[in-house]
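Q: need a structure here:
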Amino acid sequence: MSAPAASGTRFGRVVGASIVGTTVEWYDFFLYGSAAALVFNRLFFPEQSDFAGTLAAFATYAIGFAARPIGALVFGHFGDRVGRKKLLVISLLMMGGATFAIGLLPTYATIGVLAPVLLVLLRLVQGFALGGEWGGAVLIVSEHGKPQHRGFWASWPQAGAPAGQLLATGVLALLAVVQSDEAFEAWGWRIPFLLSAVLILVGLWVRLAVSESPVFVEAQRKAEAAAAESGAAEQAPILTVLKRYKREVLVAMGARIAENVSFYILTAFSTAYLTQALGYDNSFALNALLIASAVHLVTIPAWGALSDRVGRRPVYLLGAAGIGVWGFVLFELYESGAFWLTFAGIVVGFLFHGAMYGPQAAFFAELFGTKARYTGVSIGAQLASVVAGAPAPLIALALVGSYSDPSPGRVSIYLAVCAVITIVAVLSYGETRIRDLAADDAVEPAGRRTTAAR
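A: Residues are numbered from 1 along each chain as shown. Below is the predicted model of the structure:
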């Protein structure tokens, strides 16, 4: 049995709700990263040097990642128990509320050390919400659509990441044009955070209109029938993942290393490096990132569609190998001082990143059974975020050494090592493109032993 295909109108609503929701959530998340690179060092850590303050700001940025596996576990558990839709609504509200609150937060000059403490707490809420958002968003699309086009349609929620980056960077770039750096630092940085309230209302309105995943509904029916027949309670999703999908979790984690690290180096770290180490003004860095993000947004679905034709593995491996090599070119282009060369460096990096990110949603969904899929996908992805994405700007900054005498070649080597890890992980697992998401045995109750589909 194949995954049920939704009608055109209903499926379009599902895809729309997924990408709108992920765009809003990634807007909130990336806005923090951009602000950390541009102003948070001076607003919340003013007693540090520029370099040390940036390190401290990126540390609070990384702290949000620590909450993501917890969010993945909590949202994954209930998403596999009660459905994808309810949890997606909750994650959207949590992320939006935390982001809006950051826009109202007093700075160090007003309340002292309490300011960075509150900043960290709100960052933890953001991380917790995002830990549950991604898995649910990609699954509700993967489980609605036709299997032969799964890579393409599941890549649209992935496109929410550059869309959110584009939106966040666009707002910041606009403010950089119409405001002086002094005005932006004094109050202008709050505007993008407060605007999230409008975006959340739009996302919530769209997301409430979608139906639950038909694959999940059918799996839930089977699980309830099996539990009634045997009298045994259904096993907790995390136990199913730990018992039967350990290899799949490790594959997902390894596959994410190069993808996650490269993205945060191309975005958060590059913004800081271009403005602080190379001395470009904010608008130079933000405009380059803005245009590159638009290209990234368009190409991610194309990579997903290609993975439907040739397989997830070939496309993913191309992206991993490409970014490992491109890291040695990237910083040479940055140091040229030319806007279009800087833009070219970022956009080619995004093309290789997209080759991993486009097929990733379908690839990860195909690793797990339905009643453990939300948990498995979320845990695998978010554990990788902790070890890869969270420290990436910090590690890159530490490898650079200082703003006065930077050593970017070390960052290139760091990217290459991450690429090798991802290549090994993807090569260690077979092609998943032909798998049927509805034909799995993860609906069995506790106490009934079966063999997971491979």
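Q: For residue 194, which non-adjacent residue is spatially closest?
A: Excluding the flanking residues, the one nearest residue 194 by C-beta to C-beta, 6 or more residues apart in numbering is residue 103, at 4.1 Å. Yep, even glycine has a C-beta here, placed from its N, CA and C like the rest.
Q: Start from the N-terminal end of the stretch 251-400 of the chain and give the helices.
A: 270-272, 282-310, 312-334, 339-365, 370-384, 392-400 (DSSP state H, counting those that start in this stretch).
Q: comparing those, which gets the lowest mean pLDDT score?
A: Ranked on mean pLDDT, the bottom entry among these is helix 270-272, at a mean of 84.
Q: Could you check how far residue 326 is from residue 174?
A: 29 Å (C-beta to C-beta, to the nearest Å).
Q: which of these two has more neighbours?
A: In terms of neighbours (other C-beta atoms under 10 Å), residue 326 is the more surrounded of residue 326 and residue 174; the figures are 22 against 15.
Q: Correct me if wrong: the more buried one contacts residue 347.
A: No - taking contact to mean C-beta atoms under 8 Å, the distance of 10.7 Å between residue 326 and residue 347 leaves them out of contact.
Q: In a markdown table, list the helices of the stretch 251-400 of the chain along with distance to residue 142.
A: Formatted as a markdown table, the helices of the stretch 251-400 of the chain follow (distance: least, C-beta to C-beta, whole Å):
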| stretch | distance to residue 142 |
| --- | --- |
| helix 270-272 | 31 |
| helix 282-310 | 11 |
| helix 312-334 | 12 |
| helix 339-365 | 4 |
| helix 370-384 | 9 |
| helix 392-400 | 27 |
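Q: Of all those helices, which one is nearest residue 254?
A: Of all the helices of the stretch 251-400 of the chain, helix 370-384 sits nearest to residue 254, with 7.7 Å by C-beta to C-beta.
Q: what angle do the closest one and helix 339-365 make?
A: 140 degrees (axes from the mean of the first three to the mean of the last three C-alpha atoms, to 10 degrees).
Q: what packs against helix 370-384?
A: Using 3 or more C-beta pairs under 8 Å, 6 or more residues apart in numbering; DSSP states H and E, the elements in contact with helix 370-384 are helix 68-82, helix 114-142, helix 214-230, helix 237-244, helix 246-264, helix 339-365.
Q: CA atoms only: put it into PDB for me.
A: Extracted in PDB, the C-alpha atoms of helix 370-384 (Å, rounded to 0.1, in the frame of the first residue of the first chain):
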ATOM      1  CA  THR A 370       5.200   5.600  11.100                       C
ATOM      2  CA  LYS A 371       4.500   5.300  14.800                       C
ATOM      3  CA  ALA A 372       8.200   6.100  15.600                       C
ATOM      4  CA  ARG A 373       8.900   8.400  12.700                       C
ATOM      5  CA  TYR A 374       8.300  11.800  14.300                       C
ATOM      6  CA  THR A 375      10.600  10.800  17.200                       C
ATOM      7  CA  GLY A 376      13.200   9.200  15.100                       C
ATOM      8  CA  VAL A 377      13.500  11.900  12.600                       C
ATOM      9  CA  SER A 378      13.500  14.700  15.200                       C
ATOM     10  CA  ILE A 379      16.000  13.000  17.500                       C
ATOM     11  CA  GLY A 380      18.400  12.200  14.700                       C
ATOM     12  CA  ALA A 381      18.300  15.700  13.300                       C
ATOM     13  CA  GLN A 382      18.400  17.600  16.500                       C
ATOM     14  CA  LEU A 383      21.200  15.600  18.200                       C
ATOM     15  CA  ALA A 384      23.200  16.400  15.100                       C
END
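Q: going forward, begin numbering at 14 instead of 1
A: Sure, I'll start counting at 14 from here, so that last one is helix 383-397.
Q: now the angle between helix 259-277 and that helix, please.
A: 40 degrees.
Q: next one: helix 383-397 to chain centre, how far?
A: 13 Å (C-alpha atoms, centre = their mean, to the nearest Å).
Q: Could you do stretch 373-384 as well?
A: Using C-alpha atoms, centre = their mean, the offset of stretch 373-384 from its chain centre is 16 Å.
Q: For it, buried residues please.
A: 373-384 (16 or more other C-beta atoms under 10 Å).
Q: And for stretch 312-323?
A: Buried residues in stretch 312-323 (16+ other C-beta under 10 Å): 312-314, 316-321.
Q: ok, now stretch 117-135?
A: Buried residues in stretch 117-135 (16+ other C-beta under 10 Å): 118, 120-121, 128-129, 131-132, 135.
Q: how about the residues you listed, which pair is most distant?
A: 121 and 135, at 15.0 Å, using C-beta to C-beta across the buried residues of stretch 117-135.
Q: Residue 160 versus residue 279, what's the distance?
A: For residue 279, the distance to residue 160 - C-beta to C-beta - is 32 Å.
Q: same question, residue 274
A: 31 Å.
Q: Which one's more surrounded, these two?
A: Ranked by neighbour count (other C-beta under 10 Å), residue 274 and residue 160 place residue 274 first, with 32 against 19.
Q: was I right about that one contacting residue 403?
A: No - in this structure residue 274 lies outside contact range of residue 403 using C-beta under 8 Å: 10.0 Å.
Q: Could you pull out the buried residues of the helix or strand harbouring residue 33?
A: Under the criterion DSSP states H and E, the helix or strand holding residue 33 is helix 21-48. By neighbour count with 16+ other C-beta under 10 Å, helix 21-48 contains the buried residues 24, 26-28, 30-48.
Q: Can you report how many residues lie near the nearest residue to residue 258 once chain neighbours are set aside?
A: In this structure, residue 258 finds its nearest non-sequential neighbour in residue 389, 5.2 Å apart by C-beta to C-beta, 6+ apart. Neighbour count for residue 389, taken as other C-beta under 10 Å: 30.
Q: wait, residue 389 sits on residue 252?
A: No - between residue 389 and residue 252 there is no contact under C-beta under 8 Å: 11.6 Å.
Q: now residue 419, what's its secondary structure?
A: coil (DSSP: H, G, I helix; E, B strand; the rest coil).
Q: where does it land on pLDDT?
A: 80.
Q: can you tell me which residues contact it?
A: Under the criterion of C-beta atoms under 8 Å, 6 or more residues apart in numbering, the neighbours of residue 419 are 286, 290, 413.
Q: Now for residue 359: which residues touch it?
A: 279, 283, 301-302, 305, 343.
Q: Find the residue closest to it in space, skipping its chain neighbours.
A: Closest to residue 359 by C-beta to C-beta, 6+ apart is residue 305, at 4.0 Å.
Q: next one: residue 383
A: residue 232 (3.9 Å).
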